[in-house]
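> Quick check, what structure comes out for this input:
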Amino acid sequence: MPVKTMSARFNDELYEEILEYAKEKGIPKTRALRELTKEGVRKWRLTKALAFYREGKVTVWKASRIAGVPLSRMVEVAASEKIPIHYGREDLESDFKSVFGETV
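Next up is the predicted model:
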């Protein structure tokens, strides 16, 4: 997989927190920054998926795909966030078509 680089500026406090994380993990600061960024993106995707689901813009299955988590995990997270599980026939049909295509 090709690797791309990016530069960023951090205030002193955030920079020190990244260094602290790297020291605790015993890893280089560049690896620490990649790990923290990956975790942040994962949380952002989950938050976005939950918002779409809460607003009725996507089904719970589609939300799980957006978040990159298994359906069972998305149901657990939605329940823990007190988001009602709304899943009707139309949702099932939509998910079925998304998985298997229009011709099935």
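> And for A51, the neighbour number?
The number of residues packed around A51, counting by other C-beta atoms under 10 Å, is 14. For the C-beta atoms, the positions are set from N, CA and C on the backbone; glycine is no exception.
> quick one: secondary structure of it?
When classified by DSSP: H, G, I helix; E, B strand; the rest coil, A51 comes out as helix.
> any idea how far it is from A22?
32 Å (C-beta to C-beta, to the nearest Å).
> Please apply the same query to A8.
A8 is 15 Å from A22, by C-beta to C-beta.
> and those two? which has more neighbours close in?
A22 (18 against 7).
> for that one, what are its contacts?
Shown in contact with A22 (C-beta atoms under 8 Å, 6 or more residues apart in numbering): P28, K29, R31, A32.
> Pull out the buried residues from the lowest-mean-pLDDT helix or strand in the chain.
Lowest mean confidence among the helices and strands of the chain (mean pLDDT, DSSP states H and E): helix 89-100, at a mean of 76. Of the residues in helix 89-100, D91, D95 count as buried by neighbour count, 16 or more other C-beta atoms under 10 Å.
> Just checking the distance from it to the centre of its chain.
Distance of helix 89-100 from the chain centroid (C-alpha atoms, centre = their mean, to the nearest Å) equals 22 Å.
> And for it, what's in contact with it?
By C-beta under 8 Å, 6+ apart, the list of residues contacting helix 89-100 reads T59, V60, W61, K62, V104.
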